[in-house]
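K.L.:
After the sequence you'll find the predicted model.
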Amino acid sequence: MTGRFAGTGTLLRLAARRDRVTVPVWVLVTGLLVVSMPRTLGSVYATAAERASVAASMNANGSMRALYGPVSGDSLGALTAWRAGVFGAVLAAVMSLIVVVRHTREEEETGRQELLGAGAVGRRAPLTAALLAAFAADAAVAVLVAGGLAGQGASGALALGLGIAGTGMLFAGAAAVAAQLTGSARAAKGLTAGALGAAFVLRAAGDAGTPGGGSALTWASPLGWLENVRAFAGERWWVLGLFAAGAAALTGGAHALAGRRDLGAGMLPDRPGPAEGRLGSAGALARRLQRGTVLGWSAGFLIAGLVFGGMAEGAAEVVGDNERTRRIIERMGGQSGLTDAFLAAMAGLLGMAAALFAVSCVLRLHGEETSQRAEPLLANAVGRLRWAGGHLAVAFGGSALILLLAGIGLGLGHGGGGGDLAATVGACLAQLPAVWAVGALAVLLYGAAPRYAVAAWAVAGAALALGWLGPALGLPQAVMDLSPFAHLPKLPGPGAWDPAPSLVLTALAAALTAAGLAALRRRDLTA
């Protein structure tokens, strides 16, 4: 390959080597999440009558349609596409955007791309290699899903696998465009993640108002295209062409933009300084840098609380007389009444999601260090502890804020009464010790072993997977106890609760944070 694409194969092999652990793990987790669903759903809804009943109940409940989409059929394959299709597609999209941004904008931001460009590397080669790496990962997901679900129907399995992979490829193209428009990897990831969030909201709004996936809002979202493929329910193969056309258009647009900008710069101009207002301390700078993140998560948690709260009263209707489903919800949310158990389960889910926010804010320290923005700041009269403390205040204080808003949304969505509001706020804030423990582990990893700080994402993701899928998969309690969230009280619910586990987790978070800060003081900054 010569000219503008010279060196693409070499860069693709380099990307495969750098991602040899993270991408295969991501592919396996995404694929196994989908292919494990028939077994789980088959144990919950063992008969055709039960499956038909739950399909009818879900399609009649606007809140459930907003969360998962409509059910297109009552076979195990159709229920799998309904239950896991959208979430599998979201995971594929996140994987794709991370891969593309890592091998494009991050390489430029760190200066490595300039070194590579001094060799026999064409102008379009890095972008092309990044896209091919993402496309290959998405294709692997498609093969895993299609092969794993072939027993439910080869045609439906292939359609679902291609739909999930098509979503990933589409957002790989979107990430490639964002990498050309913005001047930083963080902005490129945020822009693409915002587009993914907007796609989810559009699909949810369309499905909430119109059953069957026929709403114009649903068709405006790539995630809505996935459900309209109708895997295992009379496949619409032509819908897959929308993914191909969208990915091709975005990929072509990214290549066109790549030839119109300077290396290291984005098409969108940076805002000129100085920043408005006073930044008189390291803490004020940290708040300024992370305020967009906090505002975005706050709005998302408030909306999620409202949606989950509105679903609570319909939980009993959806569960009906299915004892296995009741046991799953009670395992997630406690042995109180079904409505309280559902609210407790949703509070726990929001808490596990808040751990992702905490990890994100803590690892902003790592991003500031590796991009060499921390070194000029620390060369002044700013100590490392003051610098790190500003970001940690955002991480731990912001966690409390978003969970407070989630609790308010949960209470208002459920009924809005004073008692409901106090109970749901308390249930969400009760998740804080576990959230702080996960965030504190990220502090320790960053302070002591910055090369492995990214492993904090795996810890938060594992806690989320255990809490969300563990009860449905019937995992032993010893495995569930590996997550700090398994030791928290199941609120709201009657009766007294033991504060000891919460206090132990809070003390553990404090100890891990102190150890991480002590390690940060002793080590050299990343060169």
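P.N.:
Happy to help now that I have it.
K.L.:
Going by C-alpha atoms from here, please, whenever you check contacts or count neighbours.
P.N.:
Fine.
K.L.:
which residues sit in contact with residue 196?
P.N.:
Contact analysis of residue 196 by Cα atoms under 8 Å, 6 or more residues apart in numbering lists 90, 93, 171.
K.L.:
what do you get for residue 461?
P.N.:
residue 356.
K.L.:
SS state for it?
P.N.:
Judged by DSSP: H, G, I helix; E, B strand; the rest coil, the three-state class of residue 461 is helix.
K.L.:
what's the distance between it and residue 86?
P.N.:
18 Å (Cα to Cα, to the nearest Å).
K.L.:
hmm, back to that, now render the contacts of residue 196 as CSV, adding pLDDT and distance to residue 185.
P.N.:
Listed next are the contacts of residue 196 as CSV, based on pLDDT from 0 to 100; distance: Cα to Cα, whole Å:
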residue, pLDDT, distance to residue 185
90, 88, 20
93, 91, 16
171, 94, 15
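K.L.:
Restricted to helices, list those residues.
P.N.:
90, 93, 171 (DSSP state H).
K.L.:
most neighbours, which of these?
P.N.:
Using other Cα atoms under 10 Å as the neighbour test, those are led by residue 171, with 30 neighbours.
K.L.:
got the end-to-end distance for stretch 476-492?
P.N.:
24 Å.
K.L.:
Any buried residues in that stretch, and which?
P.N.:
Neighbour-count burial for stretch 476-492 flags 480, 483-492 (criterion: 16 or more other Cα atoms under 10 Å).
K.L.:
hmm, back to that, so which of the contacts of residue 196 comes closest to residue 357?
P.N.:
Closest approach between the contacts of residue 196 and residue 357, by Cα to Cα: residue 90, at 17.3 Å.
K.L.:
picking that back up, reformat the buried residues of stretch 476-492 as CSV; add pLDDT, secondary structure and distance to residue 178.
P.N.:
Formatted as CSV, the buried residues of stretch 476-492 follow (pLDDT from 0 to 100; DSSP: H, G, I helix; E, B strand; the rest coil; distance: Cα to Cα, whole Å):
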residue, pLDDT, secondary structure, distance to residue 178
480, 78, helix, 39
483, 85, coil, 35
484, 89, helix, 36
485, 86, helix, 35
486, 85, helix, 38
487, 84, helix, 41
488, 85, coil, 40
489, 83, coil, 42
490, 79, coil, 41
491, 77, coil, 41
492, 76, coil, 42
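K.L.:
For the longest helix anywhere in the chain, which helices and strands make contact with it?
P.N.:
In the chain, assigned by DSSP H, the helix with the most residues is helix 338-370. Judged by 3 or more Cα pairs under 8 Å, 6 or more residues apart in numbering; DSSP states H and E, the packing partners of helix 338-370 are helix 282-312, helix 315-319, helix 323-333, helix 384-414, helix 418-429, helix 432-448, helix 455-473.
K.L.:
Go through these and name the closest to residue 97.
P.N.:
Nearest to residue 97, of the helices and strands packed on helix 338-370 and by Cα to Cα, is helix 455-473 at 15.7 Å.
K.L.:
quick one on the thing from earlier: what angle do the longest helix of the chain and helix 384-414 make?
P.N.:
Relative orientation of helix 338-370 and helix 384-414, computed by axes from the mean of the first three to the mean of the last three Cα atoms, to 10 degrees: 150 degrees.
K.L.:
let's have the chain start at 9 instead
P.N.:
Sounds good: first residue 9 from here, last item helix 346-378.
K.L.:
residues of helix 346-378 that come out buried?
P.N.:
Within helix 346-378, the residues that count as buried by 16+ other Cα under 10 Å are 346-374, 377-378.
K.L.:
Likewise for stretch 161-180?
P.N.:
Along stretch 161-180, these residues count as buried under the neighbour rule (16+ other Cα under 10 Å): 163-180.
K.L.:
Next: stretch 134-149.
P.N.:
134-149.
K.L.:
Of those residues, which is the nearest to residue 432?
P.N.:
Proximity of those to residue 432 was ranked by Cα to Cα; the top entry is residue 149 with 37.9 Å.
K.L.:
Low-confidence stretches in the stretch 359-508 of the chain?
P.N.:
Flagging of the stretch 359-508 of the chain using pLDDT under 70 yields the residue ranges 424-427, 476-483, 501-505.
K.L.:
got the contacts of residue 204 as a markdown table, with distance to residue 80 columns?
P.N.:
A markdown table is the format used below for these (distance: Cα to Cα, whole Å):
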| residue | distance to residue 80 |
| --- | --- |
| 98 | 20 |
| 101 | 23 |
| 179 | 25 |
